[in-house]
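Engineer: fold the stuff below for me.
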Amino acid sequence: MSTSYRKECYDWNQYVKAHYSHGLREIGATLPFLHYDKDLIIEYYRRGEASLRIEGNLYDIKEGDVVLLNPDELHMSERKDNCYMEKIVLHINDGLLGQFSADRSVFFEKIAKKAKGKGNLIASNTANSLGLSKKIEDCLSLAAENTPESDVLLCCKTVEVLSTLSSLIQNIDDISANTSKGNKTVNKIIDYINRHYAEPITLDTLSDRFHFSKYYISHLFKDFVGISPYDYLIARRLYVCNNLIRGGTSVKEAAIEAGFTNYSNFFRLYKKHFQITPQQFKEQLKAEL
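Structural biologist: The predicted structure is shown next:
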């Protein structure tokens, strides 16, 4: 068994991308940072353990677990050092259902209704009993084949995964009971920021609303989320901004709608977070068409 960490990417299907990571995670190999993905993400931990911070809740991931991440769920991975890892990740674009003369309302909208940071972990026993683990394994095998036939089968198998997940969402409270560690105050603050991100929000705002000192809120939030309330607000605004740009809104209008009042400050924060400019992001979107 090779211990060097490798990541194999199968990205030739425009609707489903499969990544297979395996090997030994060395100390300091991964720097955790809060981020989100533009697609629905399914992670299957075939071997190894990790921790995931998702919208203020901490999940301890064990071998065989499956993790579900909606595109708007900010998360941060904290892999355990010197732990052998095998992980399959599916990136699923909601344009997939167009192949079947359906739209995202069939499965994606049901899954999107899940509360942020809640019900993200599907324990190994549940994943196995529903055949979810096997279906994800099949998706990886089909993606690796890269033939016209396997491409069609990959889309069909992925729809099976979505069907299983959308059924699970209806009972998500039962399935995910006691699987995450969180704090009610932090969850309320996150919910407030997610609903009012376009408004002026400061530590004073949060202190007045939740009746705790700025110092307490700042430290409590960082303990559970991993970053400050300000950094979370910026990350949320940047996510909204990218979604607006993706939908055809101009960069300046998107920045204003997302809550940025100073364009120069927005530009600086955007480039720092994504390592590219908003205009470069727009060019990337054009290239993908």
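Engineer: who does the helix or strand harbouring residue 128 touch, helix- and strand-wise?
Structural biologist: Using DSSP states H and E, residue 128 sits within helix 124-129. Applying 3 or more CB pairs under 8 Å, 6 or more residues apart in numbering; DSSP states H and E, one finds that helix 124-129 contacts helix 132-145. For every residue, glycine as well, the C-beta is placed using N, CA and C.
Engineer: so for the helix it packs on, what gets flagged as buried?
Structural biologist: For helix 132-145, burial by neighbour count (16 or more other CB atoms under 10 Å) applies to 132, 133, 135, 136, 138, 139, 140, 142, 143.
Engineer: try stretch 153-166
Structural biologist: Within stretch 153-166, the residues that count as buried by 16+ other CB under 10 Å are 153, 154, 155, 157, 158, 159, 161, 162, 164, 165, 166.
Engineer: and for stretch 94-109?
Structural biologist: Buried-residue list, stretch 94-109, by 16+ other CB under 10 Å: 94, 96, 97, 104, 107, 108.
Engineer: could I get the residues you listed in JSON lines, plus columns for pLDDT and distance to residue 259?
Structural biologist: Below are these laid out as JSON lines (pLDDT from 0 to 100; distance: CB to CB, whole Å):
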{"residue": "94", "pLDDT": "88", "distance to residue 259": "25"}
{"residue": "96", "pLDDT": "93", "distance to residue 259": "31"}
{"residue": "97", "pLDDT": "91", "distance to residue 259": "32"}
{"residue": "104", "pLDDT": "81", "distance to residue 259": "26"}
{"residue": "107", "pLDDT": "89", "distance to residue 259": "31"}
{"residue": "108", "pLDDT": "90", "distance to residue 259": "26"}
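Engineer: sorry, back to before: just the closest of the buried residues of stretch 153-166 to residue 42, please.
Structural biologist: Taking CB to CB as the measure, residue 42 lies nearest residue 161 of the buried residues of stretch 153-166, at 6.5 Å.
Engineer: contacts only, for the closest one.
Structural biologist: Residues counted as contacts of residue 161 (CB atoms under 8 Å, 6 or more residues apart in numbering) are 42, 90, 92, 132, 135, 136, 139.
Engineer: do me a favour and get the backbone dihedrals for the third one.
Structural biologist: When you say that, I think you mean residue 92. Note on residue 92: its backbone torsions stand at phi -120, psi 120 [degrees, to the nearest 10].
Engineer: can you pull the contacts of it?
Structural biologist: Residues near residue 92 by CB under 8 Å, 6+ apart: 15, 16, 39, 40, 41, 42, 158, 161, 162.
Engineer: report the angle between the lengthiest helix in the chain and helix 132-145.
Structural biologist: The longest helix of the chain (DSSP state H) is helix 148-169. Angle of helix 148-169 versus helix 132-145, following axes from the mean of the first three to the mean of the last three CA atoms, to 10 degrees, is 160 degrees.
Engineer: model confidence over helix 148-169, on average?
Structural biologist: For helix 148-169, the mean per-residue pLDDT is 94.
Engineer: what does stretch 197-214 give?
Structural biologist: Across stretch 197-214, the average pLDDT comes to 96.
Engineer: start and end of it, how far apart?
Structural biologist: 18 Å (CA to CA, to the nearest Å).
Engineer: so how far is it from its chain's centroid?
Structural biologist: Distance of stretch 197-214 from the chain centroid (CA atoms, centre = their mean, to the nearest Å) equals 26 Å.
Engineer: and what of stretch 228-241?
Structural biologist: In terms of CA atoms, centre = their mean, the centre of stretch 228-241 is found 14 Å from the chain centre.
Engineer: which other residues reach that stretch?
Structural biologist: Stretch 228-241 has contacts (CB under 8 Å, 6+ apart) with 34-36, 72, 74, 189-190, 193-194, 197-198, 201, 203, 206, 217-218, 221-222, 225, 227, 254-255, 257-260, 266, 269-270, 273-274, 278.
Engineer: from these, which would you call buried?
Structural biologist: Buried by 16+ other CB under 10 Å: 34, 36, 72, 74, 189-190, 193-194, 197, 201, 203, 206, 217-218, 221, 225, 227, 254-255, 258-260, 266, 269-270, 273, 278, out of those.
Engineer: before we move on, back to that, give me the contact list for the helix holding residue 128.
Structural biologist: 44, 62, 63, 64, 65, 66, 132, 133, 134, 168, 175.
Engineer: can we see that at 6 Å?
Structural biologist: For helix 124-129, contacts defined as CB atoms under 6 Å, 6 or more residues apart in numbering pick out 64, 65, 66, 133.
Engineer: likewise for stretch 275-288?
Structural biologist: Stretch 275-288 is contacted from outside by 251, 270, 271, using CB under 6 Å, 6+ apart.
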